[in-house]
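In: Give the three-dimensional model of this entry:
(2 chains)
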Amino acid sequence: ETGVTQSPTHLIKTRGQQVTLRCSSQSGHNTVSWYQQALGQGPQFIFQYYREEENGRGNFPPRFSGLQFPNYSSELNVNALEQDDSALYLCASSLGQGALPDTQYFGPGTRLTVL
Amino acid sequence: ILNVEQSPQSLHVQEGDSTNFTCSFPSSNFYALHWYRWETAKSPEALFVMTLNGDEKKKGRISATLNTKEGYSYLYIKGSQPEDSATYLCALGVYGGSQGNLIFGKGTKLSVKP
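Out: You can find the predicted model right below:
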């Protein structure tokens, strides 16, 4: 059984640029959640995808967008990057709706630095 | 906005010491309490999920308890080892909303000295 993987591991961008982060979910999982962890904080929910549809969104602006593909892998896109977007971005997969409690299994994260 | 609080923020213990830390949460909207262990440069690892008041879970030297009426959970580590050094996160499971269905605390960073 393959765990959750994320790419790239690290990324450096400049303000105003756009970035795409990728996540492959654990085998058998149809739900992917994305989190942002800023320095000194716990992970903050960005959004969740269930079977290719957005299934909940946190308090993040529209320049944070996502996609889920038929194989349940997912992308997080951030446009017009700001320095405050510098953080660790975590992806987590889970069995999804109907499976309560729905334990989320995390990838190792992508460290984004915005200069 | 629901808040999950963890204490202490960090902890330094000697190998062999037993230790415990706390996760506090509002008891409304509750359906589960999750504990994760997060070692540096690795993925957060799911330790326990608890749903019922009075639940106790154990995995080797690590155990956790849950009190949903007063809104807290304790994580205990018996005879700490250097490999227990990690950040321990708790997360409140709620029915989905703008905060998502897992609301995390900031974590307790444990360092175990040999």
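In: Skip the chain neighbours and tell me the closest residue to residue 53.
Out: Picking chain A for this. Nearest non-adjacent residue to residue A:53, counting by C-beta to C-beta, 6 or more residues apart in numbering or on different chains: residue A:68, 7.7 Å away. Placement of C-beta: from N, CA and C, glycine included.
In: Oops, wrong one, chain B.
Out: Sequence neighbours aside, residue B:68 is the residue nearest to residue B:53 in space, at 4.2 Å (criterion: C-beta to C-beta, 6+ apart).
In: For that neighbour, grab the count of nearby residues.
Out: Residues within reach of residue B:68, counting by other C-beta atoms under 10 Å in any protein chain shown, total 19.
In: Does it touch residue B:28 like I think?
Out: No: using C-beta atoms under 8 Å, residue B:68 makes no contact with residue B:28, being 10.2 Å away.
In: Could you pull up the residues touching residue A:47?
Out: A:33-34, A:54-58, A:60, A:64, A:66, B:100 (C-beta atoms under 8 Å, 6 or more residues apart in numbering or on different chains).
In: Tell me the confidence at it?
Out: With respect to pLDDT, residue A:47 has a value of 93.
In: How about residue A:88?
Out: If you check residue A:88, the pLDDT there is 98.
In: Same check on the one 3 residues further on?
Out: The confidence metric pLDDT takes the value 97 at residue A:91.
In: which residue packs closest to it, ignoring adjacent ones?
Out: residue A:23 is the one closest to residue A:91 (C-beta to C-beta, 6+ apart), at 3.4 Å.
In: That neighbour: neighbouring residues, count only.
Out: When neighbours are defined as other C-beta under 10 Å, residue A:23 has 28 of them.
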